[in-house]
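In: quick one, fold the following:
(one chain, ligands or ions: 1)
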Amino acid sequence: MVFGFALGPAPATLAPPMSSSPAAALLSVAPGDLPDMAGLGGHPRGLTTLFFTEMWERFSYYGMRALLVYFMVAPVAAGGLAYDNRKAGIIYGTYTMCVYMLCIPGGFVADNFLGGRRSVFCGGLIIALGHFTLALPSEAAFFGGLVLITFGTGLLKPNISSMVGSLYPPGDPRRDGGFSLFYMGINLGAFNGPLITGWLAQSDEFKRLLAGWGLDPVHSWHWGFAAAGVGMTLGLVVYLITGRRLVQVGRPPAAGTRPWRPLGLVLLGAAAVLAVVLLSDLNPDFAWIRYGYVVLPVLAILWFGFQVSLDAKRIAAVLVFSLAAVVFWAIFEQAGSTIALFGDQLTRTEVLGYRFPSAWFQSVNSVFVILLAPVFGWLWVRLGANQPSAPFKFTLGLGFLALSFLLMVPAARLTIEGRVSPLWIVGLFFLQTVGELLLSPVGLSTMTKLAPPKLLGLIMGIWFLADALGNQLAGVLAGEFTSTDGNVLAAFFLKQALWVGVAAVALLAGVPWVKKLMGGVK
Ligand code: GLN
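Out: Residues are numbered from 1 along each chain as shown. Below is the predicted model of the structure:
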């Protein structure tokens, strides 16, 4: 099953014979192996493998993403592609959308063809190749590299998460804790990636080093991209060396007929959504298609919500959460575009006399996740049965997100007088991270609880689709960013804050109904 968060160990069938090489050991398991629970903090030892692999994958993902928009808008003389904000925003949005959209076929391929382990390995290999392709200074290599990374991430990201779920037997109380640790791994990588790639790509120190080695410093971007590739390669090495710890998790499915036709349909569906979205981006006459992101889910919510069956009602609740997630990611995922540009062009990038690369702002969200995730973990345990319902947490999540953009309204006005303090962005990320922790992990676990068991893969696919569409909208919105008029920029932030505020109020009004739709799921 795709994204099997709620699943127990995979069936112990058809294990290929053991072999002595690490690669073969990773891709095969001995029959009868059981998951061991002797790892860190009483978790299965396989969690360490998945933790470090995902840490390095996210290092590469966020390390590269921190440079992506800067590289696209930098002038040719500075080694960039000299795109305008709109073009860079659309490419950023389309790329990040594809990353999440391809998680749907990626999960399907693992379930029906390769199994989780091989999918993660192949995905990681393709990702590393993608980053090394970006390291070549040519526009064709740039697009080729992005395509490789989207396919690789589609294979790796959903399946590494579902393997975390499969480490635990059904009903194991340590599962949530395991996911919290895993989320920490994600953010350790996401914290370190931009620090390293940003220093390589943007700092004067490294540019001087390059010049000293007789190399052209304008190509420093590509050293940053290469570092992302090195990170993913380290992740693959860890995965190969410690893969045995996964024991029987993520085996390939039993041999038999392979569902090529449904795979074709899934790929065709993803391509069709991509084509429609691109049409709305590239031809202004079709921009109205974007209203469909909201109108279609609303119609589906009403249709499912007024059915008699409990499963249909729960699907309506899933759709409400997913729609809220589209709105959330559309703002939150501007971190790498709008906020990145604000940080680079309108913020003082200096602390205690040290000029830091603007890409470092991308690490702030992860620092707050690492600091705040344990606080939330403690709070939910402390509140126990008295904790807010999932739809109310979502409402709060949207509320904090609206506040984060509201905070940027005075910051934008202040830019009229010159560069502003970096603390504005730190404040923004604090509010956004509180919102993220109220929505993202809550959403993931609520999806697994609401999904009728047979539809778990589909429901997780809907959740990733919400991420994909949100990312796409984030790119479209970021295209409106301006660094030359503080008042227009203030209106840009205010409009979006109000938009999210309205969504939060609408969700708040719907909380009692959504609770009813959930039919007893907390
Ligand atoms: N930061 C998290 C990750 O990279 C979640 C991001 C998202 O779902 N948009 O996994």
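
In: contacts and neighbour counts: CA atoms only from here.
Out: Noted.

In: need the strands for this structure, in chain order.
Out: Counting by DSSP state E, the chain has strands at residues 350-351, 354-355.

In: endpoints of stretch 414-428, how far apart?
Out: 15 Å (Cα to Cα, to the nearest Å).

In: tell me the mean pLDDT over it?
Out: Taken as a whole, stretch 414-428 carries a mean pLDDT of 96.

In: ok, and for it, which residues are buried?
Out: Neighbour counts over stretch 414-428 (16 or more other Cα atoms under 10 Å) mark 414-415, 419-422, 424-425, 428 as buried.

In: redo these as CSV? Include distance to residue 152.
Out: Putting the buried residues of stretch 414-428 into CSV (distance: Cα to Cα, whole Å) gives the following:
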residue, distance to residue 152
414, 42
415, 40
419, 39
420, 38
421, 38
422, 34
424, 35
425, 31
428, 31
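
In: with respect to residue 512, which of the residues you listed is nearest?
Out: Minimum distance to residue 512 across the buried residues of stretch 414-428 is 30.1 Å, recorded for residue 428 (Cα to Cα).

In: does residue 132 touch residue 231 like I think?
Out: No: taking Cα atoms under 8 Å as the definition, residue 132 is not a contact partner of residue 231, at 10.8 Å.

In: returning to what we had before: out of the strands of the chain, which one sits most buried?
Out: strand 350-351 (a mean of 12; mean count of other Cα atoms under 10 Å).

In: touching that one from outside, list them.
Out: The contact list for strand 350-351, computed with Cα atoms under 8 Å, 6 or more residues apart in numbering, reads 356, 422.

In: 6 Å - rerun?
Out: The contact list for strand 350-351, computed with Cα atoms under 6 Å, 6 or more residues apart in numbering, reads residue 356.

In: now do stretch 67-77
Out: 80-84, 88.

In: elements contacting the longest helix belonging to the chain?
Out: When the chain is scanned for its longest helix (criterion: DSSP state H), the result is helix 486-517. In terms of contacts (3 or more Cα pairs under 6 Å, 6 or more residues apart in numbering; DSSP states H and E), helix 486-517 is packed against helix 310-332, helix 390-414.

In: name the residues of it that are buried.
Out: 486-490, 492-497, 500-501, 503-504, 507-508, 511, 514-515, 517.

In: tell me which of the buried residues of stretch 414-428 fall in helices.
Out: Those of the buried residues of stretch 414-428 lying in helices (DSSP H): 414, 424-425, 428.

In: of those, closest to residue 183?
Out: For those, the nearest to residue 183 is residue 428 (20.7 Å; Cα to Cα).

In: which ones are touching the closest one?
Out: Contacts of residue 428 (Cα under 6 Å, 6+ apart): residue 404.

In: change it to 7 Å
Out: By Cα atoms under 7 Å, 6 or more residues apart in numbering, the contact list for residue 428 reads 404, 407.

In: and stretch 308-326, what's its mean pLDDT?
Out: Here the average pLDDT along stretch 308-326 is 93.

In: what of stretch 85-93?
Out: pLDDT averaged over stretch 85-93 gives 90.

In: who touches it?
Out: 69, 72-73, 337, 471-476, 478-481.

In: now those in a markdown table, with distance to residue 297?
Out: Listed next are the contacts of stretch 85-93 as a markdown table, based on distance: Cα to Cα, whole Å:
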| residue | distance to residue 297 |
| --- | --- |
| 69 | 30 |
| 72 | 33 |
| 73 | 34 |
| 337 | 26 |
| 471 | 17 |
| 472 | 16 |
| 473 | 15 |
| 474 | 18 |
| 475 | 21 |
| 476 | 20 |
| 478 | 23 |
| 479 | 25 |
| 480 | 25 |
| 481 | 28 |
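
In: nearest to residue 450, of those?
Out: Of the contacts of stretch 85-93, the one sitting nearest to residue 450 (Cα to Cα) turns out to be residue 471, at 24.1 Å.

In: I'd say that closest one and residue 333 touch.
Out: Yes: counting by Cα atoms under 7 Å, residue 471 touches residue 333, with 5.9 Å between them.

In: the two: which has the busier surroundings?
Out: residue 471 (30 against 21; other Cα atoms under 10 Å).

In: tell me where the stretch 101-250 of the chain has helices.
Out: For the stretch 101-250 of the chain, applying DSSP state H, counting those that start in this stretch gives helices covering 103-109, 115-134, 139-166, 175-202, 204-212, 220-242.

In: using JSON lines, lay out these together with mean neighbour count and distance to residue 373.
Out: Listed next are these as JSON lines, based on neighbours: other Cα atoms under 10 Å; distance: least, Cα to Cα, whole Å:
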{"stretch": "helix 103-109", "mean neighbour count": "27", "distance to residue 373": "25"}
{"stretch": "helix 115-134", "mean neighbour count": "26", "distance to residue 373": "26"}
{"stretch": "helix 139-166", "mean neighbour count": "23", "distance to residue 373": "18"}
{"stretch": "helix 175-202", "mean neighbour count": "23", "distance to residue 373": "8"}
{"stretch": "helix 204-212", "mean neighbour count": "14", "distance to residue 373": "34"}
{"stretch": "helix 220-242", "mean neighbour count": "24", "distance to residue 373": "24"}
